[in-house]
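> Coordinates for the following, if possible.
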Amino acid sequence: MRILCLGDVVGEEGLRTIAAGRALSRLRDSLMADLVIVNGENSAPGNGMTPDSAREIFDAGADVITGGNHTWRRREVYSYLDDEEYVIRPANYPDAVPGHGWCIADAAGRRVLIINLAGCVYMESLASPFDTADRILKQNEGKYDAVIVDIHAEATSEKMALARYLDGRVSAVFGTHTHVATADAQILPGGTGYITDVGMCGSHAGILGVATEDILHKFRLKTPVYFTPAKGQCAIHGVLFEIDGNGKCVKAEGIGT
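The predicted model follows:
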């Protein structure tokens, strides 16, 4: 079973990047991916996610959409998060927030549990992603054949620590949030595939998908500024995991177009 996981889709340019010329669909076909997971927390204009941006990601070829700390920026997405089974948000947020933190999808005749978690280092004070992962795995024991985890976090050490903690118990862990693809796709000793960050889908002409002048304004002047999407030099970044019949990862390969 081959699972393609893509980094944060950033704004309208990111949506165009995966949709134009059937780019994601063609990538899926060329890689023979059985399941496509896409982080969509930044896919709406400005920030956050809307039902429309989520639907565009699905239409482009995704099977499951994961979220992050910006998931709730747009109130119009709240009821959609509750209703849409295959759009998930970090599971370690309080139970009262809209949405759900995991789902089970069918791929190549197998049941894949997808878990979305958020980091706590340099981010919101949340429930432990380690304990939350334990709880979800126990809750779904016997209901899945493979497990994929999106850890949406700032600190590289926290992402790697979670992967090491889950090594041998999940099929793969991939990091999102920083929008910069790392070169450490690997298989851990227990058979868990891992990459610290899969990068982003959208324009690489600016800074993390945002126009350069806006980010420079923020760093230099420290005053609020509207983040205008960068344009040009568009690319799709992600990782391809190959999972064997025992739920172990046998291949982890970073993807960049």
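
> Show me where the stretch 151-257 of the chain has its helices.
Counting by DSSP state H, counting those that start in this stretch, the stretch 151-257 of the chain has helices at residues 156-166, 212-221.

> Packed most tightly, which of the ones you listed would that be?
Of all the helices of the stretch 151-257 of the chain, helix 156-166 has the most neighbours on average by mean count of other Cβ atoms under 10 Å, namely a mean of 19. (Each C-beta comes from the backbone N, C-alpha and C, glycine too.)

> which other residues reach that helix?
117, 119-121, 129-130, 133, 149, 151, 153, 173, 175, 182, 188, 192, 194, 196-197 (Cβ atoms under 8 Å, 6 or more residues apart in numbering).

> Pull the number of nearby residues for Leu137.
18 (other Cβ atoms under 10 Å).

> That one contacts Val149, doesn't it?
No. Look at Leu137 against Val149 with Cβ atoms under 8 Å: they stay out of range, at 9.8 Å.

> Common neighbours of these two, please.
Taking Cβ under 8 Å, 6+ apart as the criterion, Leu137 and Val149 both touch Val170.

> pLDDT value on Pro229, please?
Here the pLDDT value assigned to Pro229 is 88.

> Could you export the helices of the stretch 151-257 of the chain to JSON lines, including columns for mean pLDDT?
Shown next, in JSON lines, are the helices of the stretch 151-257 of the chain (pLDDT from 0 to 100):
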{"stretch": "helix 156-166", "mean pLDDT": "98"}
{"stretch": "helix 212-221", "mean pLDDT": "95"}
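
> which residues touch the spatially most central residue of the chain?
With distances taken as Cα atoms, centre = their mean, Asn39 lies nearest the centre of the chain, 3.3 Å away. With contact taken as Cβ under 8 Å, 6+ apart, Asn39 is in contact with 6-9, 65-68, 150, 152, 176, 198.

> what sits opposite Phe241 in the beta ladder?
Ile3, Ala252 (DSSP bridges).

> since we're on it, how many residues are nearby?
29.

> could you point out where this structure is predicted with low confidence?
Scanning the chain for pLDDT under 70 picks out no residues.

> and the residue nearest to the centre of the chain, what are its bridge partners?
Beta-bridge pairing of Asn39 under DSSP bridges involves Thr66.

> returning to what we had before: report the buried members of the contacts of helix 156-166.
117, 119-120, 129-130, 133, 149, 151, 153, 173, 175, 182, 188, 192, 194, 196-197 (16 or more other Cβ atoms under 10 Å).

> circling back: need the helices of the stretch 151-257 of the chain in a markdown table with distance to Trp102, can you?
Listed next are the helices of the stretch 151-257 of the chain as a markdown table, based on distance: least, Cβ to Cβ, whole Å:
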| stretch | distance to Trp102 |
| --- | --- |
| helix 156-166 | 14 |
| helix 212-221 | 33 |
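
> so which of the ones you listed comes closest to Arg55?
For the helices of the stretch 151-257 of the chain, proximity to Arg55 was assessed by Cβ to Cβ; helix 212-221 is nearest, at 27.3 Å.

> Output the closest one as CSV - backbone C-alpha positions only.
Provided in CSV are the C-alpha atoms of helix 212-221 (Å, rounded to 0.1, in the frame of the first residue of the first chain):
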residue,chain,number,x,y,z
THR,A,212,8.3,38.6,0.9
GLU,A,213,7.5,42.3,1.6
ASP,A,214,4.8,41.3,4.1
ILE,A,215,7.0,39.0,6.1
LEU,A,216,9.9,41.6,6.1
HIS,A,217,7.4,44.2,7.4
LYS,A,218,6.5,41.9,10.2
PHE,A,219,10.1,41.1,11.2
ARG,A,220,11.4,44.7,10.8
LEU,A,221,8.6,46.9,12.0
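
> and it, how far from the chain's centre?
For helix 212-221, the distance from its own C-alpha centre to the chain's C-alpha centre is 26 Å (Cα atoms, centre = their mean, to the nearest Å).

> what's it in contact with?
205-208, 223, 225-228, 230.

> Pull out the buried members of those residues.
The buried subset of these (16+ other Cβ under 10 Å) comprises 206-208, 227, 230.

> Thanks a lot, catch you later.
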